[in-house]
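Colleague: Give me a model of this one.
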Amino acid sequence: MHAETRKFSKGRFVFFTAWRNIDGTNPVHDHPLAVCDERSLVKPDDYICSDLHFEHESKQLYHLNEANHKRHRWYYYPQMRQDEVLIFKNWDSDRDQPARIVFHTAFSDPRAPADAPGRQSCEARGYAYFPDHEPDLCSFLVTPYANVSVEEATSRCLAAVEALEQWPLEGQQYIIVAAGRGAIEEIAAVLANDSGNKL
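Modeller: Purely as a prediction, here's the structure:
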């Protein structure tokens, strides 16, 4: 069993986004990125689940219900320069965290000059993994569902994710939709028990 595979069988993980201005001359004058403080949301009422369909895939997204908009607290960094970056969570496996998801959007700033240059920005997504986090928030992904060892189930899951682009279309759509609704436990169980590579 490869050590890299074994270490992902326990701990905590966080998916995050890094967003920045890539214009080396101008700060972001208009359409900056704003993030909503999740602690200001009414749960679960503010989470609206919807499906987004493409030609070859579908995914489930969360949208923010505006019914409680007066409670929502939004933040942004005006005039962001190229040497600044905004990092925020997309998802956290620790259900006890007060903020696990960050709603975010660009907006038209009425104070922006009319002749302001267009925003030039980029984002990158990644994950942080904390193998020594207590309590363990990863083993639930595989151990209760697989008839195989945690190491074997973890290896299967990682191998399947690495080959996602080669999956049959139906398998890709299943993973995208299930991940969009936060069904990580379900996905892990399916992958861990898919010894015949049916997906």
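Colleague: Contact partners for residue 98?
Modeller: 38, 39 (CB atoms under 8 Å, 6 or more residues apart in numbering). Where you see a C-beta, it was placed from the backbone N, CA and C, and this is true even at glycine.
Colleague: can you map out the strands along the chain?
Modeller: Remark: strands assigned in the chain by DSSP state E are 12-21, 33-36, 47-53, 58-64, 74-76, 85-92, 104-106, 121-130.
Colleague: Minimum distance to residue 174: which of the ones you listed has it?
Modeller: For residue 174, the closest of the strands of the chain is strand 58-64, at 9.5 Å, according to CB to CB.
Colleague: tell me the mean pLDDT for that closest one?
Modeller: Averaging pLDDT along strand 58-64 yields 74.
Colleague: and if you look at stretch 41-55?
Modeller: Rounded mean pLDDT across stretch 41-55 is 81.
Colleague: what's the first-to-last distance across it?
Modeller: Using CA to CA, to the nearest Å, one end of stretch 41-55 lies 33 Å from the other.
Colleague: in that stretch, what counts as buried?
Modeller: 41, 46 (16 or more other CB atoms under 10 Å).
Colleague: likewise stretch 74-84?
Modeller: For stretch 74-84, burial by neighbour count (16+ other CB under 10 Å) applies to 76, 77, 80, 82.
Colleague: quick one on the thing from earlier: now the strands of the chain in JSON lines, please, with extra columns for distance to residue 114.
Modeller: Formatted as JSON lines, the strands of the chain follow (distance: least, CB to CB, whole Å):
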{"stretch": "strand 12-21", "distance to residue 114": "20"}
{"stretch": "strand 33-36", "distance to residue 114": "21"}
{"stretch": "strand 47-53", "distance to residue 114": "33"}
{"stretch": "strand 58-64", "distance to residue 114": "29"}
{"stretch": "strand 74-76", "distance to residue 114": "20"}
{"stretch": "strand 85-92", "distance to residue 114": "25"}
{"stretch": "strand 104-106", "distance to residue 114": "18"}
{"stretch": "strand 121-130", "distance to residue 114": "20"}
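Colleague: Report the contact partners of the residue nearest to residue 34 when sequence neighbours are not counted.
Modeller: Using CB to CB, 6 or more residues apart in numbering and skipping the chain neighbours, the partner closest in space to residue 34 is residue 76 (4.1 Å). Applying CB under 8 Å, 6+ apart, one finds that residue 76 lies in contact with 32, 33, 34, 35, 107.
Colleague: Same question for residue 31.
Modeller: Taking CB under 8 Å, 6+ apart as the test, what residue 31 contacts is 106, 107, 108, 109, 119.
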